[in-house]
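**Student:** just to be clear, the model below is a prediction. Sequence and coordinates:
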Number of protein chains: 2
Amino acid sequence: MQVSFTTISIIILLRMFDDLSSILRNQCHLEPERTLLVAVSGGPDSLCLLHALWSLGYPIIVAHFDHSLRPESEAEAEAVRGYARQMSLACVVGKEDVQAVARTQGLSLEEAARTARYRFLLRQAYLHGAQAVAAGHTADDQVETVLMHLLRGAGLAGLGGMEYRSLPNAWSQDIPLVRPLLGVWRAEILDYLDEHGLQANLDASNLDTRFYRNRLRLEALPYLEKLNPGARQRLWRMADIARRDDHALESLAEAAWQACLLESGVGYLALDVAGLQSHPPALQRRLARRAIACLRPGLRDIDYDAIQRMLDFLDAPERHGPIDLIAGLRLERAGGRLWLATWEADLPGGAWPQVKSEQELLLQVPGEVGLPNDWRLSAEALPANPALYEQVRQNTDSYQAWLDLDRLALPLSVRARRPGERMCPLGMQGHSLKLSDLMINLGLPRRARASWPLVVGGVAASGIAAGGEIAWLPGYRLAHPFRLTPETRHILHLRLAKAVYA
Amino acid sequence: MQVSFTTISIIILLRMFDDLSSILRNQCHLEPERTLLVAVSGGPDSLCLLHALWSLGYPIIVAHFDHSLRPESEAEAEAVRGYARQMSLACVVGKEDVQAVARTQGLSLEEAARTARYRFLLRQAYLHGAQAVAAGHTADDQVETVLMHLLRGAGLAGLGGMEYRSLPNAWSQDIPLVRPLLGVWRAEILDYLDEHGLQANLDASNLDTRFYRNRLRLEALPYLEKLNPGARQRLWRMADIARRDDHALESLAEAAWQACLLESGVGYLALDVAGLQSHPPALQRRLARRAIACLRPGLRDIDYDAIQRMLDFLDAPERHGPIDLIAGLRLERAGGRLWLATWEADLPGGAWPQVKSEQELLLQVPGEVGLPNDWRLSAEALPANPALYEQVRQNTDSYQAWLDLDRLALPLSVRARRPGERMCPLGMQGHSLKLSDLMINLGLPRRARASWPLVVGGVAASGIAAGGEIAWLPGYRLAHPFRLTPETRHILHLRLAKAVYA
């Protein structure tokens, strides 16, 4: 290599060399003596990576995967073998008909190609005892990834983009994937290749704007760069900061998780409500996400709304649930514990309140009826007085209700809903809704709706007999006609409680 | 108001009402009984805000600011007075020739308008004892702000966009600005106005794409939305998560700052190096930013690079500095403390090493010379042996150096640099650089360069007399010709130290 040095070019080259060495050591955590498997497509990025690592003296195995997607793919594999030979490096080449895999397994072509490629690379790394697989992702790839996450929805983890070192969990639990060029721009890579007289393969499919990622690279990023010169560089830096911020919050979340998780079993877990509330909302979000991921590890997108519903539920001490959360998980609160469980799981404390279908239990005043799973529903009469009104106003337990006794015909009955039944919930000015719609709207879980206990009475004033109108949907809403008013003289106090949590 | 209710529309209206009430209480922290000053331009957003707050029964003062920018501005002020009259609310109108202010104060028109408007609003809020100023920023405004921050460079704080409640520091230290509609989309606002038969002013300047923000709204966001339907909504959610994450990290940073700040005075502060290092990089960044902001409170953009240089300096225990950081601040390390100071500040420990100009001090071996501010430079001769080489290899103190004694002509001299002087720094394979370029490149602060002490010797082998070649630039680099080699038989050990830090 014959280069004429100027002061500046020496300094720049020294810096690039310093930078890459420091990235390999401090960000990728590579050991210079241990074998590294370098993934080489033969394109500019991977060729630059291979050459730079080789120059630094790393023991390298070159690995190439032929996706059989283009007629020139065999020639490309041959070119990679050629590079390896020139550098006196071992080379492994894998091949699969990715199109066929995509067809038979119902995957997108990109997904199938990615899966086959990484499976091959990590398998080879394992067979050769390599410390890591090195891939040629660049700063441009990083910015594309970040923009994609921004547009498709992401929290801090997504904004951080790719990591210099990460475990490709789907393919390996112990061999990391490292990306030493994550801070190097494609323009610098082309300069590097030019300087070293290296000729890379060009993949025409990178120009095909039918692929979403290519549209981002070829259209969206140039557009944003034109709107605001330097935008790419700023997105990269934002991602770099976001990654560090995310790591800091994740390690806090890990500690908080250990402290808040009280119990877990097949299909359920219990978190400490007071513990959760002692953390800032940012950590609560992360704990909620972990709880869901714990019970539904395969779930790819744990959406913003589900997490928000979980935090809102946590912030509303009067709500016991259960409510439908996401992916067949239910959320309920009991005795200072927040339970997250699958519909099938039997919680240690038993199930939610329910009434056997077709059963109609008479509730006297005063009196009490027993329900399955140790629930009981009690009723008592109280004289109206201002102190009681204050207590009602401050009540935070949705399993208690106070009604105007004189507007109800006794005895009350406790039963499940009937087809087509309606209710006038408090706050709707007497408009009645189909009970089935109301239950959906209030978040009452589907599996619980049919057997949820209702307290039913009659409107004495209008002479409708008992068995008529719904007075209370325990845990959720009182009926408007039976609400307390300034004219109320006798009060009916209803309470649903569970022996085990009392 | 005559509206025909359907089940669904009742539920939606109840929810919007619930949402806004909960936002006003939990996010804006407003008290329903205390006066609120509502900023009303007369456009759709502020008119909707005014009407919604009025419907909820808040005691309101309407405030309008006339920027005198458009011929119709007086008519718009009159329209706002009209709304206030219809709702029986007090109304204050301010007016200023913003164009003239921009001209005389050299501000952009947007900046001048913004400053005049907020000054008026917060002044009025103060005069009327209002608990807060409410502004009509919407979810669309939020997404524009976030995109602007993304393209112009932002950490987590910028990604979070606007807050539901914040202190507009430039204009008031105690009256907050609240933005209750931050989660409401403009389309919903237009529906609301339509439903209530309200007619808003339309500001034609919002369509002028010469304004950057209008280009984002009218071009960039529709482009991104087309590329990825739902992108706006996702950006909004990302911002919402980022704000919470930022708050959590800021409160950690506050605690860490209290623990790490050892000393501060006029133009300087000292942080505990070990304390800083005990925190994750995310917090180190925030502490670095705080340190800079503390000494340069007016600095608007504390850039990524300056923070990164500060962290790199912290991670390199062999570097003592001082180095130029940003905005006339210097960074140095001494005795477990990281000092950040203005160039003018006198640190409690005294200044960096220097030599009086024109002075040339002779350094015998063994021997020692004294420099201003209690610095001293000492020399001793040692026999070459493997244990010593190991010690040299592991040295992390850039104020010590080991040289090949036989390649130096004695006595050495200690002096400042001379015009045009060159040096061959270690690692440059014997290439010589202009000392002035090298000092810049190594980050030696400008004010320190001219009087920085150099150790100068002669190359005995080539017969150049003493006073010739630079052997050591203390704190930074050894000269290549004097490095230790396998052939070295006698070693010269040099050390620069400060009595007060010893």
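**Tutor:** Great, that's in hand.
**Student:** could you use CA atoms for every contact and neighbour count after this?
**Tutor:** Will do.
**Student:** residue ranges of the strands in the stretch 351-500 of chain A, please?
**Tutor:** A:360-363, A:367-370, A:375-383, A:400-404, A:412-415, A:422-423, A:433-434, A:454-457, A:469-473, A:477-478, A:490-498 (DSSP state E, counting those that start in this stretch).
**Student:** report all helices and strands that the fifth one contacts.
**Tutor:** So that's strand A:412-415. Packing contacts for strand A:412-415, counted by 3 or more CA pairs under 8 Å, 6 or more residues apart in numbering or on different chains; DSSP states H and E, involve strand A:360-363, strand A:454-457.
**Student:** per-residue pLDDT, residue A:205?
**Tutor:** Here the pLDDT value assigned to residue A:205 is 75.
**Student:** how far away is it from residue A:115?
**Tutor:** 18 Å (CA to CA, to the nearest Å).
**Student:** so how many other residues sit close to residue A:24?
**Tutor:** Neighbour count of residue A:24, defined by other CA atoms under 10 Å in any protein chain shown: 21.
**Student:** center of chain A - which residue?
**Tutor:** residue A:302 (2.7 Å; CA atoms, centre = their mean).
**Student:** in contact with that residue, which residues?
**Tutor:** Counting by CA atoms under 8 Å, 6 or more residues apart in numbering or on different chains, residue A:302 makes contact with A:289, A:292-293.
**Student:** return a PyMOL selection command for the buried portion of those residues.
**Tutor:** Per 16 or more other CA atoms under 10 Å in any protein chain shown, the buried members of the contacts of residue A:302 correspond to this PyMOL selection:
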select buried, chain A and resi 289+292
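**Student:** of the contacts of residue A:302, which belong to strands?
**Tutor:** Within those, no residue falls in strands by DSSP state E.
**Student:** the contacts of residue A:302 in helices, which ones?
**Tutor:** Within the contacts of residue A:302, membership in helices is found for A:289, A:292-293, as judged by DSSP state H.
**Student:** which residues of the stretch 101-250 of chain A lie near chain B?
**Tutor:** A:150-156, A:220, A:224, A:228, A:230-232, A:234-235, A:237-238, A:241-242, A:244-245, A:247-249 (CA under 8 Å from any CA of the partner chain).
**Student:** hang on, the earlier thing: got a markdown table for the contacts of residue A:302, with distance to residue B:362 and pLDDT too?
**Tutor:** A markdown table is the format used below for the contacts of residue A:302 (distance: CA to CA, whole Å; pLDDT from 0 to 100):
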| residue | distance to residue B:362 | pLDDT |
| --- | --- | --- |
| A:289 | 69 | 92 |
| A:292 | 73 | 93 |
| A:293 | 71 | 89 |
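**Student:** show me which of the contacts of residue A:302 is closest to residue A:122.
**Tutor:** residue A:293 (25.1 Å; CA to CA).
**Student:** dump the residue contacts of that closest one.
**Tutor:** Per CA under 8 Å, 6+ apart, neighbours of residue A:293: A:299, A:302.
**Student:** could you do residue A:164 as well?
**Tutor:** By CA under 8 Å, 6+ apart, the contact set of residue A:164 is A:27-28, A:178-180, A:182.
**Student:** again, only this time at 10 Å
**Tutor:** With contact taken as CA atoms under 10 Å, 6 or more residues apart in numbering or on different chains, residue A:164 is in contact with A:23-24, A:26-29, A:134-135, A:137, A:176-183.
**Student:** go on, residue A:61?
**Tutor:** A:35-40, A:50, A:84, A:89-92, A:124-125, A:128, A:130, A:133.
**Student:** I'd like to know which of the contacts of residue A:164 are buried.
**Tutor:** A:23-24, A:27-29, A:134-135, A:137, A:176-183.
**Student:** narrow the residues you listed to those in helices?
**Tutor:** Using DSSP H to define helices, no part of those is located there.
**Student:** most widely separated two among those?
**Tutor:** For the buried ones among the contacts of residue A:164, the maximum inter-member distance is 18.3 Å, found between A:176 and A:183 (CA to CA).
**Student:** how much space between residue A:471 and residue A:485?
**Tutor:** Taken as CA to CA, the span from residue A:471 to residue A:485 is 15 Å.
**Student:** the two: who's more crowded?
**Tutor:** Each of residue A:471 and residue A:485 has its neighbours counted (other CA under 10 Å); residue A:471 has more, 27 against 11.
**Student:** what's the most buried one of the helices and strands packed on strand A:412-415?
**Tutor:** Using mean count of other CA atoms under 10 Å in any protein chain shown, the stretch among those with the largest mean neighbour count is strand A:454-457, at a mean of 23.
**Student:** what's that strand in contact with?
**Tutor:** So strand A:454-457 is in contact with A:354-355, A:360-363, A:377, A:407-417, A:464-474, A:478, A:482, A:494, going by CA under 10 Å, 6+ apart.
**Student:** and for stretch A:193-211?
**Tutor:** Taking CA under 10 Å, 6+ apart as the rule, stretch A:193-211 contacts A:1-3, A:41-48, A:51, A:69-70, A:72-73, A:75-77, A:79-80, A:83, A:110, A:188-192, A:213-219.
**Student:** repeat that for 8 Å
**Tutor:** A:1, A:42-44, A:47-48, A:76, A:214-215, A:218.
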